[in-house]
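Q: Next one to model:
(3 chains)
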Amino acid sequence: MMISLTSPIETRAHRWPAGVKLLALCGATMGLFAIQIPVVHLLVFGCVLGLYVLPGYVFFCAGLRQLKVLWPFLAIIVIWHVFTNTPMVGTVIALRLLSAVGLANLVTMTTRLADMIAVVTWLTAPLRRIGIATRPLEIGIALVVRFTPALADKGSALSQSWRARSPRRANWRVILPFTILALDDAEHVADAIKARGGL
Amino acid sequence: MRLFSRGTDHMTNTALDLADVSLTLDGKSILSGVTLRADERRIGIVGRNGSGKTTLARVMAGLTEPDTGHVRICGVDVGKDRKAAIRTVGILFQNPDHQIIFPTVEEEITFGLTQLGQDKIEAEAGTQRILEKFDKAHWAKSAIHRLSQGQKQLVCLMSILAMSPEVIILDEPLSGLDIPTRMQLMRYLDRISGTVVHVSHDPSALRKYDRVIWLGKGRVRMDGAAAPTLAAFSKRMTELGGDDDISDLAD
Amino acid sequence: MERNIALIALFAALIAALGLIPKITLGFGVPVTAQSLGVMMCGTVLGARRGALAVLLFLLLVALGLPLLAGGRGGLGVFTSPSVGFIIGFPIAAFVTGWVVERWRSAPLTLVAGLASMFGGIVVLYAFGILGLALVLGKTPIEAALLVTAFIPGDILKAAIAGMLTAALAKARPDSVLSRA
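A: Numbering: from 1, shown residues only, chains lettered A, B, ... in the order given. Here you go, the predicted structure:
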């Protein structure tokens, strides 16, 4: 079972409809890129941090951890704008980046996987109305969730088989048997689907 | 025909020396206080699936380091000294498809030898030698995907034996093989002239072994001669067969 | 039909799983994740259409909140981060790579797959990646391009490896290499 990035800590936002949150996020992101005033961005970022603090310390730390991956980009921005003596522009870019990613992650952390899939189902309804089947997409999503951990385990086993015979870490050659296993699994799954009525 | 000879220079060090080995993974205790010292030639480890025996095999091969205690195979700390570890201990896993990395037999066997530091010529010679010892010289250029499960297992065995380890760990190597293939593979295993540690959930594979350790829920339940240990194990397994713990979920 | 869905889903799972296994080395001892290699191989093995669909399915699951990108990253945040250009470029790169492999049949597969991976996985991918980077970081495309030049040699190596892996795969499982079916 794959653990999604939805936070186990319940917030009020968990109960809001996913579609509304996504729409709001689109609007907010567009707004962020339209505004160039540093003070506004500072305020916005403060609000975003506030939203992370509201559900508690653990939630806040989880959110910060997700933002940590941006540090190389922030470093580039700081260095660049210090060197070109354009600190205000740099501040806008950095804060905009943090707010945009922060808000997007907030939606992810407060929306369950099932609710997101429901949005996808809703969005693809027009296709069904004109006769295009969306069942394959649903099955596809389920298959990826089902097989990613199994394939990852097999990949680890292959890496271990390498490390059992070498003091060095595995190189690219280990991807070949890994790909073959994926292909074989695909054949078995196709049979399993056919055996239960097919698509 | 002896499959390979290893001098008795390792006799100054105990083959298996585990002291108070414990390991917790994902919050679950997999091994608890496992202590064992063994020098017998044929050692069996028996236990149910989920008893921790595969993890123990991995710990003995140095692929996983325990949280507590030490693991020394022929004096080598296999978790920390990987270079010496690959010379000392080899491990055969359950599923050859999760083990074989290269597309042809000779490439798979040569790999381990080059990892030991041999140059291409030495490694190819070593590969030829092991293929000939097994009377499989004609397999050299064969494609792995054309081999049967039993044949693939044999390739895995040859790949490990080519590296001349002092101890070989077999993790359920006979699973899923048909009766004739099991019998034939067991004959090859019987002829290994180093220390063999065979991990299995099936007592019949370990009957002729010098010493058997019963691992249950990560702990050593019994440790001694094959016959009494396996008898106690089989009796307990049959008792459990009357239960319904198949209904229990892991979390 | 079932086989197509299964192959697309399993290759999407493969890209995800490549982000989960321990890092591999490319040969100079530099550890890299194999994930972008997976994207190239979707194109070289499954062909343009199915390869792109596999990558799109993978991205859909990332958007839905699954931590499938290397390093356990995922969620909507990646679509507003500076890497957004590369993320969007992935399925297009797979499509272009697959298109080249499907059309160019007169040369050995290793060469074709390798060059296709370079064209799709570097030229096309970086075009999108640089534009995205420029947009999010507020720089000109040329400035953004300077930032990513360091990664190109490693990706050229990955493309060559994708070529070799595809050719080896075609020998081991000829029926499964749909780009040459």
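
Q: C-alpha from now on. contacts and neighbour counts both.
A: Noted.

Q: ok, and the helix or strand in chain C with the lowest average confidence?
A: Scoring the helices and strands of chain C by mean pLDDT, DSSP states H and E places strand C:31-32 at the bottom, with a mean of 64.

Q: Helices of chain A, start to end?
A: Ranges of helices within chain A are A:18-34, A:38-53, A:57-68, A:71-83, A:87-109, A:113-123, A:125-129, A:135-163, A:175-195, based on DSSP state H.

Q: if we can go back for a sec, got the angle for the helix or strand that the least confident helix or strand of chain C is followed by vs helix A:175-195?
A: Using DSSP states H and E, the helix or strand that follows strand C:31-32 in sequence is helix C:35-46. Per axes from the mean of the first three to the mean of the last three CA atoms, to 10 degrees, the angle that helix C:35-46 makes with helix A:175-195 is 60 degrees.

Q: contacts for helix C:35-46?
A: Helix C:35-46 has contacts (CA atoms under 8 Å, 6 or more residues apart in numbering or on different chains) with C:7, C:11, C:14-16, C:18-19, C:50-52, C:54-55, C:69-70, C:90-91, C:93-99, C:101, C:113, C:116-117, C:120-121, C:158-159, C:162-163, C:166, C:176-179.

Q: Please narrow the residues you listed to those residing in helices.
A: C:7, C:11, C:14-16, C:18-19, C:50-52, C:54-55, C:90-91, C:93-99, C:101, C:113, C:116-117, C:158-159, C:162-163, C:166.

Q: Just the buried residues of those.
A: Using 16 or more other CA atoms under 10 Å in any protein chain shown as the burial test, those include C:7, C:11, C:14-16, C:18-19, C:50-52, C:54-55, C:90-91, C:93-99, C:101, C:113, C:116-117, C:158-159, C:162-163, C:166 as buried.

Q: when you check chain A, which of the residues you listed turn up near it?
A: Counting by CA under 8 Å from any CA of the partner chain, C:Leu7, C:Phe11, C:Leu14, C:Ala16, C:Leu18 from those sit close to chain A.

Q: residue ranges with poor pLDDT in the chain?
A: Using chain A. A:1-2, A:197-198 (pLDDT under 70).

Q: actually it's chain B I care about, not the one you picked
A: Using pLDDT under 70, chain B drops low at B:1-12, B:250-251.

Q: What segments of it are strands?
A: Assigned by DSSP state E, chain B shows strands spanning B:16-25, B:28-38, B:42-46, B:68-73, B:76-77, B:89-92, B:167-171, B:195-200, B:211-216, B:219-224.

Q: Tell me which of the ones you listed sits most buried.
A: By mean neighbour count, with neighbours taken as mean count of other CA atoms under 10 Å in any protein chain shown, strand B:89-92 ranks first of the strands of chain B at a mean of 27.

Q: Verify the stated contact: C:Pro91 with C:Leu53.
A: Yes: assessed by CA atoms under 8 Å, C:Pro91 is found in contact with C:Leu53 at 7.3 Å.

Q: List the contacts of the residue of chain C most remote from its centre.
A: Each residue of chain C has a distance to the centre, and by CA atoms, centre = their mean the biggest one is for C:Gly138: 25.8 Å. Under the criterion of CA under 8 Å, 6+ apart, the neighbours of C:Gly138 are A:Ile93.

Q: How about B:Leu177: what's its closest non-neighbour residue?
A: Nearest non-adjacent residue to B:Leu177, counting by CA to CA, 6 or more residues apart in numbering or on different chains: B:Gly150, 6.5 Å away.

Q: My guess is C:Leu111 contacts C:Gly163. True?
A: Yes: applying CA under 8 Å, one finds C:Leu111 in contact with C:Gly163, separated by 6.4 Å.

Q: what is in contact with those two at once?
A: What both C:Leu111 and C:Gly163 touch, as defined by CA under 8 Å, 6+ apart, is an empty set.

Q: Next, work out how far apart C:Leu146 and chain A are.
A: From C:Leu146 across to chain A, the span is 12 Å (CA to the nearest CA, to the nearest Å).

Q: and that residue, how many neighbours?
A: 10 (other CA atoms under 10 Å in any protein chain shown).

Q: mind checking which helix or strand it is in?
A: Applying DSSP H and E, one finds C:Leu146 within helix C:141-148.

Q: Quick one: mean pLDDT for that helix?
A: Across helix C:141-148, the average pLDDT comes to 88.

Q: Grab the nearest non-local neighbour of the residue of chain C found nearest chain B.
A: Using CA to the nearest CA, C:Ala172 is the residue of chain C that sits closest to chain B, at 6.5 Å. Excluding the flanking residues, the one nearest C:Ala172 by CA to CA, 6+ apart is B:His145, at 6.5 Å.

Q: if I look at that neighbour, how far off is C:Ser179?
A: The gap separating B:His145 from C:Ser179 is 21 Å, by CA to CA, to the nearest Å.

Q: now swap in B:Leu63 and tell me
A: 38 Å.

Q: Could you tell me which residues of chain A lie near chain B?
A: Within chain A, the positions near chain B by CA under 8 Å from any CA are A:154-155, A:157-158, A:160-167, A:173-174, A:176-177, A:181.

Q: Number of residues surrounding the residue nearest to B:Leu177?
A: B:Gly150 has 21 neighbouring residues, counting by other CA under 10 Å.

Q: From the rest of the structure, what touches stretch C:55-75?
A: Stretch C:55-75 is contacted by residues A:2-6, A:66, A:104-105, A:108-109, A:113, A:116-117, A:140-141, A:144, C:8-9, C:12-13, C:15-20, C:33, C:35, C:39, C:42, C:76, C:79, C:87, C:90-91, C:94 when judged by CA under 8 Å, 6+ apart.

Q: ditto for stretch B:27-39
A: Outside stretch B:27-39, the residues touching it (CA under 8 Å, 6+ apart) are B:14-24, B:51-52, B:55-56, B:69, B:195, B:217-220.

Q: again, only using 6 Å
A: For stretch B:27-39, the surrounding residues in contact (CA atoms under 6 Å, 6 or more residues apart in numbering or on different chains) are B:14-24, B:52, B:218-219.

Q: Let's have those in JSON lines, adding distance to chain C.
A: Shown next, in JSON lines, are those (distance: CA to the nearest CA, whole Å):
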{"residue": "B:Thr14", "distance to chain C": "33"}
{"residue": "B:Ala15", "distance to chain C": "30"}
{"residue": "B:Leu16", "distance to chain C": "29"}
{"residue": "B:Asp17", "distance to chain C": "29"}
{"residue": "B:Leu18", "distance to chain C": "27"}
{"residue": "B:Ala19", "distance to chain C": "29"}
{"residue": "B:Asp20", "distance to chain C": "29"}
{"residue": "B:Val21", "distance to chain C": "25"}
{"residue": "B:Ser22", "distance to chain C": "24"}
{"residue": "B:Leu23", "distance to chain C": "21"}
{"residue": "B:Thr24", "distance to chain C": "20"}
{"residue": "B:Gly52", "distance to chain C": "22"}
{"residue": "B:Gly218", "distance to chain C": "26"}
{"residue": "B:Arg219", "distance to chain C": "30"}
